[in-house]
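Enquirer: Pasting a predicted model and its sequence here:
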Amino acid sequence: MQIDRLEFKAAFTADETGVVTGKAWDFSSPDRVGDVIEPAAFAGAVGKSLPMLFAHDQAQAVGVWDGIAVESDGLKVTGKLLVDEVARAREVRALLQAKAVTGLSVGFMTKKAAPRKGGGRTISDLDLVEVSLVAVPAHDGARVSTVKDLNHMTNTAAAPAAPEKTEEKTAPAVDQKALDAIQKRLDAIEAAGNRLSADNDNDAPFDTKAISDWARTGKLNGVEEKTLTIGADTGATGDNIIAPEYSTSVITKLTEMNPIRQLSNVITVGSQTIYIPVLDSDAEGTWVSETGNRTEDQPAFDQVQISNHEHAVIVGVSNQLLDDSVIDLASFIANRAAMMFAKAEATAFLTGSGTGEPAGIIEALSDLGGKTEGTDILEDIVDVYYSLPSAYAARGSWLLSRPTIAAIRKAADLSDNRNGIWSDSLQVGTPARLLGAPVYEAPGLDTYGSTSTGNVGASALFGDFSSGFTIADRRGMRLVRDPYTAAGQGITKFHFSKRVGSAVVLPEAIVALKAA
């Protein structure tokens, strides 16, 4: 999905006063990345007032632009620094007077653009959002023309009019205290930028850096909140679908930690309940003579209902960690969420009842083929394997509890003529094999031969789970940042939620070793 964002272009020049005028965009040449903006693109901004920001930081509004005009050579802006009302505006004025800041930069949302030959774009329509004072503009032609000192424009009743002077004015003295404060602020920014974190990678995707900043500070640092949104069902402020990179990371970890998701058919749905059509009986023909009557028949279909259910978890993170993080904080939070969801999903997909939670495989146990436990575990395993139709067995996998795996290995190792039933993996990350089919550990299944209470009714499952079991993801991972409810303990809470459903859609593709 295309993620809309603010784009920053242009630059400016400054003189010694508090009223600022300049060219925010030059129409005569492309900017540093090859972009060209047509004059008509700024038509909607003419006559409007826009915020004057410093370095595109919404937390640093230092004035207002009250004059915007499109002229033949560029976009001209006029505004004033609120030096009497905003302390930061006085610091910025000192930077302008010292020529440390000389550029203008426009922040806008692209509405219509076409690629240019040789790189860059020709932008023909946009929404102008703000104009910032910056040190290095995207377009070298965007410069501040003048900065008039507001103090020099103040009149008093007692003061006589000053005579006109033709000689050159002396530049006002630089406010050293303000410059020291600015230097201290810049040093802090530089230190933060040098932290060992993947979030600070300049090559990282725009939305990745945005969500990392949001996780750490709760602020979106000059971009619209929809930067964090990959779906339309966004709720109140601070309620966002997690950025695509971290959503993918969570799903990857769910797959690694939960074998049932890895083996099953996973689909994405757009409603609370879906119906999966399944073949109940096929059309059957008969052998006929050349002129004999043909029998009419047609397949019959049934449908399996899958309802979605929501699972949620809250991860608390120390505010000190948020302030001083030198790790990839967003990945850390995603890891914690993945661990909680993997544990809950693994249980639900295996033993879920379908009421208030996804329906698990065991919920359909009475419909599954297979056999009942006897006294020889290896004989039972062989019987279960060959009770599955060949078409499914060729794609089959085993789900076993850890104690059952141990019992099978011991029985195979102690047998003189059956030790080829089990084969260990020869490569890290590749599952062991039982009768040639991969084996996955599934906590929650019974131990073979166990008669203790709380059994689920099966000690082994074997089948083509991609045909027999379907997982329906309704909505991607949602993240809500809550800095308030545990503020007294110095904790910020991150609320994760996800909606998912599941069901056995083709019982004939899965068989079980059932409890005696």
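Expert: Here it is on my side, so go on. The shown structure was predicted, so the numbers you read here are calculated from the model rather than taken from an experiment.
Enquirer: now the helices for this structure?
Expert: 87-97, 176-193, 206-217, 244-257, 259-263, 319-324, 329-351, 377-387, 390-393, 402-414, 465-468 (DSSP state H).
Enquirer: do you know how far the nearest residue to residue 420 once chain neighbours are set aside is from residue 365?
Expert: Of all residues not flanking residue 420 in the chain, residue 412 sits nearest, at 7.9 Å (Cβ to Cβ, 6 or more residues apart in numbering). (Glycine included, C-beta is placed from N, CA and C.) Noted for residue 412: a distance of 26 Å to residue 365, by Cβ to Cβ, to the nearest Å.
Enquirer: do residue 295 as well
Expert: Distance from residue 295 to residue 365, by Cβ to Cβ: 36 Å.
Enquirer: of these two, who's got more company?
Expert: Counted by other Cβ atoms under 10 Å, residue 295 and residue 365 do not tie: residue 365 has more neighbours, with 20 against 10.
Enquirer: can I assume that one is in contact with residue 512?
Expert: Yes - the pair residue 365 and residue 512 passes the contact test of Cβ atoms under 8 Å, sitting 6.2 Å apart.
Enquirer: which residues do those two both contact?
Expert: residue 458 (Cβ atoms under 8 Å, 6 or more residues apart in numbering).
Enquirer: give me the number of residues near the nearest residue to residue 447 once chain neighbours are set aside?
Expert: In this structure, residue 447 finds its nearest non-sequential neighbour in residue 403, 4.0 Å apart by Cβ to Cβ, 6+ apart. Using other Cβ under 10 Å, residue 403 has 15 other residues around it.
Enquirer: pLDDT score for residue 403?
Expert: pLDDT for residue 403: 91.
Enquirer: which residues touch it?
Expert: Counting by Cβ under 8 Å, 6+ apart, residue 403 makes contact with 447-448, 450.
Enquirer: Can you tell me which of those has the most neighbours?
Expert: Going by other Cβ under 10 Å, residue 448 tops those with 23 neighbours.
Enquirer: Okay, that one and residue 72: tell me how far apart.
Expert: Using Cβ to Cβ, residue 448 is found at 86 Å from residue 72.
Enquirer: same question, residue 505
Expert: 67 Å.
Enquirer: which one of these two has more residues nearby?
Expert: residue 505 (20 against 7).
Enquirer: The more buried one and residue 278 touch, don't they?
Expert: Yes - with contacts counted by Cβ under 8 Å, residue 505 reaches residue 278, the gap being 5.6 Å.
Enquirer: Residues that sit against both of the two, list them.
Expert: Counting by Cβ under 8 Å, 6+ apart, the shared contacts of residue 505 and residue 278 are residue 304.
Enquirer: quick revisit: quick check: pLDDT value at the residue nearest to residue 420.
Expert: For residue 412, the pLDDT comes out at 84.
Enquirer: Need the distance between the two termini of stretch 286-304.
Expert: 30 Å (Cα to Cα, to the nearest Å).
Enquirer: Restricting to C-alpha, output stretch 399-414 in PDB.
Expert: Provided in PDB are the C-alpha atoms of stretch 399-414 (Å, rounded to 0.1, in the frame of the first residue of the first chain):
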ATOM      1  CA  LEU A 399       2.300 -33.000  15.300                       C
ATOM      2  CA  LEU A 400       3.500 -34.700  18.500                       C
ATOM      3  CA  SER A 401       3.900 -33.700  22.100                       C
ATOM      4  CA  ARG A 402       7.500 -33.700  23.500                       C
ATOM      5  CA  PRO A 403       7.000 -36.700  25.800                       C
ATOM      6  CA  THR A 404       5.500 -38.700  22.800                       C
ATOM      7  CA  ILE A 405       8.500 -37.800  20.700                       C
ATOM      8  CA  ALA A 406      10.700 -39.200  23.400                       C
ATOM      9  CA  ALA A 407       8.700 -42.400  23.700                       C
ATOM     10  CA  ILE A 408       8.900 -43.000  19.900                       C
ATOM     11  CA  ARG A 409      12.600 -42.400  19.800                       C
ATOM     12  CA  LYS A 410      13.300 -44.700  22.700                       C
ATOM     13  CA  ALA A 411      11.100 -47.500  21.200                       C
ATOM     14  CA  ALA A 412      12.800 -47.100  17.800                       C
ATOM     15  CA  ASP A 413      16.300 -47.000  19.200                       C
ATOM     16  CA  LEU A 414      15.700 -50.100  21.400                       C
END
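Enquirer: pLDDT weak spots in the stretch 301-450 of the chain?
Expert: Scanning the stretch 301-450 of the chain with the threshold set as pLDDT under 70 gives 325-331, 415-419.
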